[in-house]
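Asks: can't give you the sequence, but here's the structure:
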């Protein structure tokens, strides 16, 4: 069965409204894109949409209460919530360096979660 | 009395980049004064990615972007005073500041760089009627609670305003398990970048209600809900479209204002449209030796632009101290023309221009297939076609010296011309 999917292209500020038509996951047509990059964008968005995951992890004995972390690379969009659930169990202890691996190979995606900043030892409550 | 060459007020992205540039240009005695407990400013709570695509050609989170500059600053002899609040600056470049360690500080600087950033507009500034319960936060405050303090301020959230921070917080609340009932935007178009509409709102199926506003907040101790309504073309709420949305939290993302109390105490000339200091092409204000850069001048969309312009200010301050700053001839005023809300820098100097000047402008309305035109004495000295202009996305124009040196007269006008205007001309 032929199906149509609508996307807003975010490659440039034009924000083209692009329609992708597929049949059994095979892309038949892309229309509405102002340029080639728009076609590439919706093809990627349809076949394998990925997003960066950024969140925070509680830190023990740190200067601040939470450590900002991110995925090294984008992860599949449909796994974002499950990644969050997995990371909700994680705790780290200061000190941490920017780029340290906080959680390896999350949900077997091959992507690790890394620290976004240096965080030295301290007593956060003193600063509250 | 402490004497320094360059004092930098604020250790966010603008302060850090200007300090680094002044240092590279040979300034010995630089002091960054920061009221927070660490350098980095608001970037530290902006844990999402998307920073640095121009400066570092990779996409970084806010803390990572800040870390790059902090690491550089640490390698230099730049002095930093944290937890220090500047209370006053005068036009003789004397600074009064206070902290717990030193008590009251008097600092005399040869040059000052203002990099205080901006703050959020609050409920008081947009006049939402109703009760005054707890549970009403600006988006940046909620962002700080969640990302720094580790506290979720609510479970059922209504967001007013579709600026970037509002949409980013919609995603953040959702990922942390809160329910975002909707994002309400009074304008007929989203207030933030399209990237954020797609990746923060549409990805999570959060309803975005354009041409809507909150007309009442209800709650005794805690927010119990809000009344929302559609607005007409004049942005007046339409009475019979009102409906009640239960929620326990209201997040306001209704604009940013440059934070200029200190600029005013130094008698720096202000632009009533940007709410920031009037600056020239070297980011010098109307007070010689006082420079300004970043969101204190006007609110930028991208931190990369802030860093870039902060370098201009840092170099300007270094040249001012050396007495090498361009001799000021009578200034050329840069005026906002058709469909242009403002242009920065507002004035340019120079007997002879020897490098590009980047003009930043914000348009009033969305328009497709336009031409930006620079007019000097009625003559079109520069034209550039742009596919689309939108108020949330700043337009940047780099104008080369050979064009700048053709300027006669004391005024430039920058227009955004639509297709129709072109046909007429």
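Replies: All right, it came through fine. What you are looking at is a predicted structure, and each value in this text was computed from that prediction instead of being measured.
Asks: Please give the per-domain residue ranges for chain A, including any split domains.
Replies: A:2-47, A:54-127 (automatic domain parsing).
Asks: Put together CSV for the ones you listed, with mean neighbour count on each row.
Replies: Heads up, the C-betas are built off the backbone N, CA and C, glycines and all. Listed next are the domains of chain A as CSV, based on neighbours: other CB atoms under 10 Å in any protein chain shown:
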stretch, mean neighbour count
domain A:2-47, 15
domain A:54-127, 17
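Asks: quick one: contacts for the residue most central in space within chain A?
Replies: Geometric centre of chain A, nearest residue: residue A:52, 1.9 Å, by CA atoms, centre = their mean. Contact partners of residue A:52, counting by CB atoms under 8 Å, 6 or more residues apart in numbering or on different chains, are A:70-71, A:73-75, B:49, B:59.
Asks: Leaving out the residues flanking it, which one is nearest to it?
Replies: Closest residue to residue A:52 apart from its sequence neighbours, by CB to CB, 6 or more residues apart in numbering or on different chains: residue B:49 at 4.7 Å.
Asks: okay, now the one you found: neighbour count?
Replies: 23 (other CB atoms under 10 Å in any protein chain shown).
Asks: same deal with the one 5 residues further on?
Replies: Residue B:54 is surrounded by 12 other residues when neighbours are defined as other CB under 10 Å.
Asks: ok, residue A:96 touching residue A:118?
Replies: Yes - counting by CB atoms under 8 Å, residue A:96 touches residue A:118, with 7.0 Å between them.
Asks: what's near enough to touch the closest residue to chain A within the stretch 51-200 of chain B?
Replies: The nearest approach of the stretch 51-200 of chain B to chain A comes at residue B:63, 3.8 Å away (CB to the nearest CB). The contact partners of residue B:63, taken as CB under 8 Å, 6+ apart, are A:68, A:98, A:116-117, B:40, B:43-44, B:46-47.
Asks: Please name the residues that touch the closest residue to residue B:2 other than its chain neighbours.
Replies: Closest residue to residue B:2 apart from its sequence neighbours, by CB to CB, 6+ apart: residue B:107 at 4.7 Å. By CB under 8 Å, 6+ apart, the contact list for residue B:107 reads B:1-4, B:7, B:31, B:33, B:94-97.
Asks: What of residue B:209?
Replies: Residue B:209 touches B:182-185, B:228, counting by CB under 8 Å, 6+ apart.
Asks: what about 7 Å?
Replies: Under the criterion of CB atoms under 7 Å, 6 or more residues apart in numbering or on different chains, the neighbours of residue B:209 are B:182, B:184-185.
Asks: Same question for residue B:406.
Replies: residue B:381.
Asks: is chain A contacted by stretch B:383-396?
Replies: Yes - contact of stretch B:383-396 with chain A (CB under 7 Å from any CB of the partner chain) involves B:387-388, B:390, B:393.
Asks: Residue numbers of chain A in contact with chain B?
Replies: So chain A meets chain B at A:8, A:10, A:13-15, A:51-52, A:54-56, A:58, A:64-66, A:68, A:70, A:77, A:84, A:98, A:116-118, A:127 (CB under 7 Å from any CB).
Asks: In CSV, list the domains of chain A along with distance to residue B:55.
Replies: Shown next, in CSV, are the domains of chain A (distance: least, CB to CB, whole Å):
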stretch, distance to residue B:55
domain A:2-47, 19
domain A:54-127, 17
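Asks: Out of those domains, flag the one nearest residue B:353.
Replies: Nearest of the domains of chain A to residue B:353, taken as CB to CB: domain A:2-47 at 29.0 Å.
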